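J.: quick one, structure for this:
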Amino acid sequence: MRRVLLASSSLVLLPLSAVAEPLSDKPLAAETEQAKDAPAQQGPAIIVTAPYRQSEADVLSGTSVVTGEELTRSLRPTIGETLARQPGVSASSFGPSASRPILRGFQGERVRILTDGIGSIDVSNTSADHAVIIDPLLAERVEVLRGPSALLFGSSAMGGVVNVIDSRIPRSVPEKGYRLSSIATYGSAANERSVGGAGDVAVGSHLVLHADGSYSKSDDLKIGGYALTAGKRRQALASAALPADPDADPIDFAANAGVKNRLPNTAAKTWTAGAGAAIVTETGTLGIAYSHYDSLYGVPIRFATLPGQEQEGPRLSVVQNRLDLRAEADTGGGFLQKVRLRAGYAAYRHFELEEDGAVGTAFYNKGLEGRLELVQADHGAWRGASGVQYFARDFDVQGDEAFLPKNKTQQVGLFTLQQLDLGALKAEAGLRYEFTDLSANPVLDDTRFFNGKRSFQALSGSIGASYGVARDIRIGLNLSHTERAPSAEELFANGAHAGTEAYELGNPDFRLEKSWGLEATLHAHGDGYSFDASAYYNWFSNYISDNQTQQGICEAAAAPSGRTVDLPCFQFTQRDARYYGFEAEGSVRVAQLGATTINVDALGDYVRANIVDEGPAPRIPAPRVLGGIEAQSDRITGRVEAEHVFVQNRTAAFETRTSPYTMVNATVSLKPFPTMPGTTLTLSANNLFDVEARRASSYLKDYAPLAGRDLRATLRFSL
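T.: You can find the predicted model right below:
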């Protein structure tokens, strides 16, 4: 039955679907214009990452939409840094080129990164040093979903979903017969030079052709102080005073302690190219696209501070070739309103290069993902959607530091989401069944790896309701149950991983990870103000985490193959865990000076995570607050903001304390040509006072701070 289910689901891939995609870009364009303005002036944004579009205030969980001027001023080379100032969002910050979003303290396997509704099909979930293969330069809109609604996209999205929406497959016929957009950015902190562009042209009345491309190059990152923390510098200086070991590679510990102002080995060069075509009619669309991604980037050096530690400056050469398919048909039927299709296939590889340019370890990944959604016609207060999702991955790591065996993952998910809209009262329920098949196929002479198959069946669901206590105020409550199959990395890892400087050890006997979650929401949107808040509590059983443990455990696991263990031993374990916290953001109009509106806004978030009987979970973001004042008019927008991140003293056994910091940023956005409203020039100064800032969620926080003072200029043009 399992083989039959997998085989039959693969046949459905011809009509696989994406999340809600409008037949015309006019509603989406209008919503984008709405999102450019402060929430104090406009109502809540429209969420399209759902089976049916609805306002942000009606979604029964925490959401964020980044588009327009906000996206332009937040734009960074990685999607993690681009979103890092959103409520409930942090970033893994593994240098300027590899930074993945962290949602409510969850990262890696518990956050899904999507491009236009389908996974990025890379290996960024495998390690923090692996980049997400999405170029923010080409993004038109980014949506972040947290809470129960994320279950529509897989049980691995229990932390949330980030969906990056681009124009690679056209959604509409250009009114003028063509559509052009471009962006150019310069950032001083890394001497970053970036340019990107996209264009559509109509061929006849229904066929639209698309082309896009981007190029980005940056030097080593400027930082606001020393590369090493004060504690690591003291270690390095103490090691410099010790007699040198004649049998060890010479390391200049004093020089390591003195590295400051620039972060070595962080330069990068990336280029992308893509082409697409779509047939657009009154009742549907059908489109395909091809894209190529090519990048060479370095990751920050983990400087040795003690005798016996290794010190490397690895670089990653990444290539992905990808095919995408999207279609939507309006059935006009009495039961089904739309049938939606989305599928993607990608061949990915990256080489981890030694300092002499030799390939040390090679990662190969081929992935296929698709969704079929059947959207029901509205029947009074009732609407809903159901569908099937298929995912397959063929993953192989080769080389001296291959910490995983060759493995395959196949997953089938069946889901439904139903909603009742009774005006003041809205109720929603979702259900998802998932079957996952994982197999490990190591080479015959590597006996340290598990050789076999694991299969899991998971059932997840959520139910919630919201109530309008006043015309502009809505409160909600959600209850969810999530079951997640362990990943191949959590099951099969057994080897040294230079990216995280750890010997990683999985457990093929792991069970389903299960959790119960409760979330309360508050949305208030009125004339001149807005406020959104979420508070949540999650109870986990069989929670999977990686924790430093006794060296002998990894040595015993490596012994069958005769390998030695030179790195700290990190073992994946299953325990009960508790996550709870909140995020909130608000804006209020404080003055109207002629045509200029003055708004004040603020956000804050906090997460606390414990592994029962062990202590704090590792790499949890510190609490923070961010406040700003913004002046808006038709031609110019100015903003000043300050972000304070508090101390993080709640650390796992192998972690260190993270110091607090405060960053001040300023931005001016101009529309210099009244007859060309699509042209904007954005000038910003980030980290104005050049402070030393480190994120508690980063593996490299003791070795690689965030960017120092960064003066940026971005020119965006559309026609």
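J.: so which strand or helix has Leu71?
T.: helix 68-74 (DSSP states H and E).
J.: which other helices and strands contact that helix?
T.: Packing contacts for helix 68-74, counted by 3 or more C-beta pairs under 8 Å, 6 or more residues apart in numbering; DSSP states H and E, involve helix 25-36, helix 79-83, strand 661-670, strand 680-686, strand 710-718. To be clear about C-beta, it is placed using only N, CA and C from the backbone, and glycine gets the same treatment.
J.: mean pLDDT lowest where, among those?
T.: Among these, helix 25-36 carries the lowest mean pLDDT, a mean of 38.
J.: who does the helix or strand following that helix pair up with?
T.: Counting by DSSP H and E, the next helix or strand C-terminal to helix 25-36 is strand 46-47. Strand 46-47 sits in its sheet next to strand 54-55 (antiparallel), going by DSSP bridges.
J.: what's the average pLDDT for the partner strand?
T.: On average, strand 54-55 scores 68.
J.: just stretch 395-402 next, same as before
T.: 88.
J.: repeat for stretch 465-474
T.: On average, stretch 465-474 scores 93.
J.: what's next to that stretch, contact-wise?
T.: 57-58, 60, 423-428, 475-477, 521-526 (C-beta atoms under 8 Å, 6 or more residues apart in numbering).
J.: what residues are up against Lys671?
T.: Lys671 touches 634-636, 677, 679-680, counting by C-beta under 8 Å, 6+ apart.
J.: repeat that for 10 Å
T.: 69, 633-637, 677-681 (C-beta atoms under 10 Å, 6 or more residues apart in numbering).
J.: what do you get for Asp330?
T.: Contacts of Asp330 by C-beta under 10 Å, 6+ apart are 23, 281-285, 336-339, 375.
J.: also Ala358?
T.: So Ala358 contacts Phe351 (C-beta under 10 Å, 6+ apart).
J.: do you know the pLDDT at it?
T.: On the pLDDT scale, Ala358 gets 89.
J.: and stretch 91-99, end to end?
T.: 6 Å (C-alpha to C-alpha, to the nearest Å).
J.: quick check: mean pLDDT of it?
T.: 93.
J.: ok, longest strand in the protein?
T.: Across the chain, the longest stretch assigned as strand under DSSP state E is strand 569-593.
J.: what segments of the stretch 401-550 of the chain are helices?
T.: Secondary structure of the stretch 401-550 of the chain, counting by DSSP state H, counting those that start in this stretch: helices at 488-492.
J.: buried subset of the contacts of stretch 465-474?
T.: 57-58, 60, 426-428, 476, 521-525 (16 or more other C-beta atoms under 10 Å).
J.: would you turn the helices and strands packed on helix 68-74 into CSV with mean neighbour count and distance to Ala617?
T.: Compiled in CSV, those are given as follows (neighbours: other C-beta atoms under 10 Å; distance: least, C-beta to C-beta, whole Å):
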stretch, mean neighbour count, distance to Ala617
helix 25-36, 17, 34
helix 79-83, 26, 19
strand 661-670, 18, 22
strand 680-686, 19, 30
strand 710-718, 18, 31
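J.: neighbours of the nearest residue to Glu483 once chain neighbours are set aside, how many?
T.: Distances taken as C-beta to C-beta, 6 or more residues apart in numbering place Ala458 nearest to Glu483, at 3.7 Å, with adjacent residues excluded. Counted by other C-beta atoms under 10 Å, the residues lying close to Ala458 total 20.
J.: thought Ala458 was touching Leu512?
T.: Yes: Ala458 is within contact range of Leu512, at 5.8 Å (criterion: C-beta atoms under 10 Å).
J.: between the two, what contacts are shared?
T.: 155, 436, 482-485.
J.: sorry, back to before: out of the contacts of stretch 465-474, which are inside strands?
T.: Using DSSP E, the contacts of stretch 465-474 in strands are 425-428, 475-477, 521-526.
J.: how about a markdown table for those, with distance to Asn507 added?
T.: Converted to a markdown table, these look like this (distance: C-beta to C-beta, whole Å):
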| residue | distance to Asn507 |
| --- | --- |
| Leu425 | 46 |
| Lys426 | 42 |
| Ala427 | 40 |
| Glu428 | 36 |
| Ile475 | 42 |
| Gly476 | 38 |
| Leu477 | 36 |
| Thr521 | 36 |
| Leu522 | 41 |
| His523 | 42 |
| Ala524 | 46 |
| His525 | 47 |
| Gly526 | 52 |
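J.: and the residues you listed, which is closest to Pro314?
T.: The shortest gap between Pro314 and any of the ones in strands among the contacts of stretch 465-474 belongs to Thr521, at 42.8 Å (C-beta to C-beta).
J.: which parts of stretch 186-202 are buried?
T.: The neighbour-count check on stretch 186-202 (16+ other C-beta under 10 Å) flags 187-190, 192, 194-200, 202 as buried.
J.: where are the low-confidence patches of the protein?
T.: Applying pLDDT under 70 to the chain picks out residues 1-44, 51-59, 148.
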